[in-house]
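Visitor: Provide a 3D model corresponding to the input given below.
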Amino acid sequence: MTKKRVLTFFTFFFFFLNFQCVIAQGNQEDKILLSKLVPKIQKQFDVVFSYVDNTLDAILVTPPTENTSLENLLDGFESETNLRFTIINGRYIAITVFKDQIQELDEVYLTEYIASGISTNRTGQITIKPKNFSILPGVTEPDVLLTIQALPGISSINETVSNINIRGGTNDQNILLWDNIKMYQSGHFFGLISAFNPYFLKKVTVTKNGTSAQHGDGVSGMIQMELDAHPNDSLIAGAGMNLIHIDGFAKVQLNKKMEVQVSARRSITDLVETPTYAIYFDRIFQDSDITNNNQATNNTTTTNRDFYFYDMSTKFIYDISKTDNLQFSFLNIFNDLSYTEEATLNNQRQAVNSGITQRNFATGLTYTREWSPAFSTQLQFYTSNYNLEATNFNITDNQRLFQENDLADSAIKLHTKYRINENFTIESGYQFSEIGITNIQDVSNPQFRSDRKEVMRNHAVYSEVHYFSDSYRTMLTFGIRGNRYGKIDTFRFEPRLNFRQQFSNHFSLLVLGEYKSQAISQVIDLQNDFLGIEKRRWTLANGTSVPLIESKQASVGVQYNKNNLLITAEAYVKDVDGITTRSQGFQNQFQFVNAVGSYTTHGIDVLFNKKWHDFNTWLSYSLSKNDYEFTSLNNGEQFPNNLDITHNLTLGGTYSWNDFEFSLGTYFRTGRPTTSVGDPSVVNGEINYNSPNAENLEDYFRTDFSTTYRLTLSKKKKIYAKIGLSVWNIFDQQNVLNEYYNLDNQVVSQIQNRALGITPNLSFRVDF
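Guide: Numbers count the residues shown, from 1 in each chain. Okay, here's the model as predicted:
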């Protein structure tokens, strides 16, 4: 272990210890957070609250007595807070701030959606609040990109967070926003762990359809990670560790107007080899250059494997005045793997170093001005830079291969909001972005270098109108976005629709629709690119071999919510045009073909969620059909998409007992499509494949368990701790994620990539 690594470890270790020694500010033991009371009040009086998310932040109230009526309860809250509680139709209660003359409501079903901290709002979006997150099977911490995979219509075909599939789309068809900054890297450990510290986030919103017109890209879906926009009333901090990493964060108020927030996380994988790390390593690096060296033929061995990751984030918030707000955000994500290959050539032992690094560096500056209670503007500027580099030495051929994929994204956005009256609001804006992508490939023997750089400048204007009926039973949002893609000289109008009608206190209808497009995607040139670990590289549309990706989607859904029973069902159809075979990861007869086509997916997402006192159970099910259509492939006939999963089911439950929480869940899905080999297996020196994706792998089945125990270290100073235990795949099911074939000396060999086996993890956390 190098001195630098030792110093880094102790820096994080003392950072962790210092967090546990900080004393929380303020002490009002006779009061509790209103946000904690709201779910209980809804359950007791069968009401639904509507409010802007940050309205209840840090609001303390006196706990009510057992026999207090709803009216007296709300009157008491109004007398000791700056909030107004307005009862609508006897059941809906609008919470607004007295000092705000006009405030847009954001109705949220406070009934838990799968687990505490997860809810669905009136627009059909799913919201996750990490600070309220309880527990899910196999997950004791609120890993954002793992958590959303429990939602209907969302999965990961290869069990990673860097490959989120929303309704049959590839991961690059999702737009990922961190504090409204586009991100191009989502995972640590090359995909097994989310790259975003969940304890630093305020809210995560997942949109599968009906996206706001102010957002472009992401033809399959959008994941928004929001941070605090205003200073908190007191210090908020925490630190924790598990068998993979340690982390800590703090939100420190400098004064009533300014706050600094910091977060840091680092792996311990290069310092301590835990059982969890060993299992993760074998899973992510299987079928890569680090494990595929030819030991039998050239006596090559791999030594000195060194892997680590970290992420660091900072936010500065300044409420300049009651009407002016300034925010600065910063995030740095980093992964690094290095190893040594040794071999004996000509009776001499030789050693070379290979490795791969991946990083995403992002900064953003946002200024918000409220010109009047009805009109506000927001100006944002951000930069996001992604870099992937790999150096691969081949001792036998005395060859070095260097590969790099570099992306620089800069954007400026002006957003306006005008509240016409109590029923209508209009939002409009303009966005300019410039994306530059560089791809480098450098070979030493024989000498070859390829250096390609592409740049695209995009202009976008948008506007959308929101309508709310007086009873809040009808909600309609209609918007349109105009995109001008400079490099390919293309202009597109994209309408968006979001309509909700509530027919009773418990039943509502949701109609969603959208047109979207994106000019950036990920492709695979060769399966062993970047050591075979991160095979995909970002590239821009050129209008020919890589066209603009365009999508159309429509859905109709219903929601039923009564007596702690939530039922949702949504039928959808989605058509995506402009995809390429290089973006789909084929490993059959189409692996080296460059063709342009489309896919169409249609299906239904269903959720049943029921709670009994301390027990919460849910069933999530998706039924879908997803087909490709490439006019130049398979005689122009449709064939199953690589991500065509017909049945996807999740069954889980959580139980709370005193300070313990337990969660158990089972995941089942149809095996992914695969292409088999015919008889004879080799024809004309090539593998003789059968019809593409005509068969399926064995069905995927996994059962997970997790439990946590909450301790009160200091009730007076409000210092709490949580111990967690999780076991992924408790039955050690040997699931096959992918299957393909190689040809070597006219012999066809089958290769299978397997999922994680039984994987335990322990966590310990302190919050105050």
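Visitor: so Glu78 sits in a helix?
Guide: Yes. Glu78 sits within a helix when classified using DSSP: H, G, I helix; E, B strand; the rest coil.
Visitor: so it makes contact with Phe85?
Guide: Yes. Counting by CB atoms under 8 Å, Phe85 is a contact partner of Glu78 at 6.0 Å. Where C-beta positions appear, they are placed from N, C-alpha and C, glycine not excepted.
Visitor: ok, those two, which is more surrounded?
Guide: Between Glu78 and Phe85, counted using other CB atoms under 10 Å, the more crowded position is Phe85 (18 against 13).
Visitor: Partner strands of the one helix or strand Ile87 maps to and their direction?
Guide: Assignment of secondary structure by DSSP states H and E places Ile87 within strand 83-88. For strand 83-88, sheet partners with direction are given as strand 92-97 (antiparallel), following DSSP bridges.
Visitor: Name the SS class of Asn439, please.
Guide: strand.
Visitor: so who does it touch?
Guide: Shown here is Asn439, whose contacts under the criterion CB atoms under 8 Å, 6 or more residues apart in numbering are Glu404, Asn405, Asp406, Ser450, Asp451, Arg452, Lys453, Arg537, Thr539.
Visitor: again, 7 Å this time
Guide: Contacts here follow CB atoms under 7 Å, 6 or more residues apart in numbering; on that basis Asn439 touches Asn405, Arg452, Arg537.
Visitor: and it, what pLDDT?
Guide: At Asn439 the predicted local distance difference test score is 96.
Visitor: quick one: it from Asp217, how far?
Guide: Note on Asn439: its distance to Asp217, by CB to CB, to the nearest Å, is 20 Å.
Visitor: Then Asp409?
Guide: For Asp409, the distance to Asp217 - CB to CB - is 11 Å.
Visitor: And Ile87, by the same measure?
Guide: Ile87 sits 41 Å away from Asp217, going by CB to CB.
Visitor: Could you check which of those two is surrounded by more residues?
Guide: Asp217 (23 against 13).
Visitor: Quick check: that one is in a helix.
Guide: No. Read with three-state DSSP, Asp217 is coil and lies in no helix.
Visitor: Output the below-cut-off pLDDT ranges for this structure.
Guide: 1-30, 53-54, 79, 88-90, 98-112, 122, 292-299 (pLDDT under 70).
Visitor: what's the most centrally placed residue in it in contact with, if anything?
Guide: When the chain is reduced to its mean C-alpha position, the closest residue under CA atoms, centre = their mean turns out to be Leu145, at 3.9 Å. Counting by CB under 7 Å, 6+ apart, Leu145 makes contact with Val161, Ile164, Ser186, Ser194.
Visitor: For Arg492, see how far away the residue nearest to Ser194 when sequence neighbours are not counted is.
Guide: Of all residues not flanking Ser194 in the chain, Leu145 sits nearest, at 4.2 Å (CB to CB, 6 or more residues apart in numbering). Plainly put, Leu145 is 29 Å away from Arg492 if you go by CB to CB.
Visitor: do Asn385 as well
Guide: 27 Å.
Visitor: Could the C-alpha coordinates of the strand holding Ile87 be exported in CSV?
Guide: As requested, C-alpha coordinates have been extracted for strand 83-88 and formatted as CSV (Å, rounded to 0.1, in the frame of the first residue of the first chain):
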residue,chain,number,x,y,z
LEU,A,83,-48.3,27.9,7.6
ARG,A,84,-51.9,28.1,6.4
PHE,A,85,-54.0,24.9,6.3
THR,A,86,-57.0,25.1,3.8
ILE,A,87,-59.5,22.2,3.7
ILE,A,88,-60.8,21.5,0.2
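Visitor: Can you name the residues that contact Asp143?
Guide: Going by CB under 7 Å, 6+ apart, Asp143 touches Ile193, Ser194, Pro198.
Visitor: How much space separates it from Ile723?
Guide: When distance is defined by CB to CB, Asp143 is 17 Å away from Ile723.
Visitor: His466 now?
Guide: In this view, His466 and Ile723 are 45 Å apart by CB to CB.
Visitor: Could you do Trp657 as well?
Guide: Distance, Trp657 to Ile723, using CB to CB: 15 Å.
Visitor: So for those two, which residue has more residues nearby?
Guide: For the pair Trp657 and Ile723, the greater number of neighbours falls to Ile723 (14 against 9), based on other CB under 10 Å.
Visitor: Surely that one touches Phe764?
Guide: Yes. Checked against CB atoms under 7 Å, the pair Ile723 and Phe764 is within contact range at 5.5 Å.
Visitor: Spell out the secondary structure type for the residue nearest to Ser194.
Guide: Assigned with three-state DSSP, Leu145 falls in the helix class.
Visitor: burial of Thr160, as a residue count?
Guide: Look at Thr160: counted by other CB under 10 Å, it has 24 neighbours.
Visitor: Spit out the contact partners of the nearest residue to it once chain neighbours are set aside.
Guide: Here the nearest residue to Thr160 in space, its sequence neighbours aside, is Gly191; by CB to CB, 6+ apart that works out to 3.4 Å. Shown here is Gly191, whose contacts under the criterion CB under 7 Å, 6+ apart are Thr160, Val161, Ser162, Asn163, Ile284.
Visitor: now do 8 Å
Guide: Under the criterion of CB under 8 Å, 6+ apart, the neighbours of Gly191 are Asn158, Thr160, Val161, Ser162, Asn163, Ile284.
Visitor: could I get those as JSON lines with distance to Phe592 and secondary structure?
Guide: As requested, the contacts of Gly191 are exported to JSON lines (distance: CB to CB, whole Å; DSSP: H, G, I helix; E, B strand; the rest coil):
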{"residue": "Asn158", "distance to Phe592": "21", "secondary structure": "coil"}
{"residue": "Thr160", "distance to Phe592": "25", "secondary structure": "coil"}
{"residue": "Val161", "distance to Phe592": "29", "secondary structure": "coil"}
{"residue": "Ser162", "distance to Phe592": "24", "secondary structure": "coil"}
{"residue": "Asn163", "distance to Phe592": "22", "secondary structure": "coil"}
{"residue": "Ile284", "distance to Phe592": "25", "secondary structure": "helix"}
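Visitor: Thanks a lot, catch you later.
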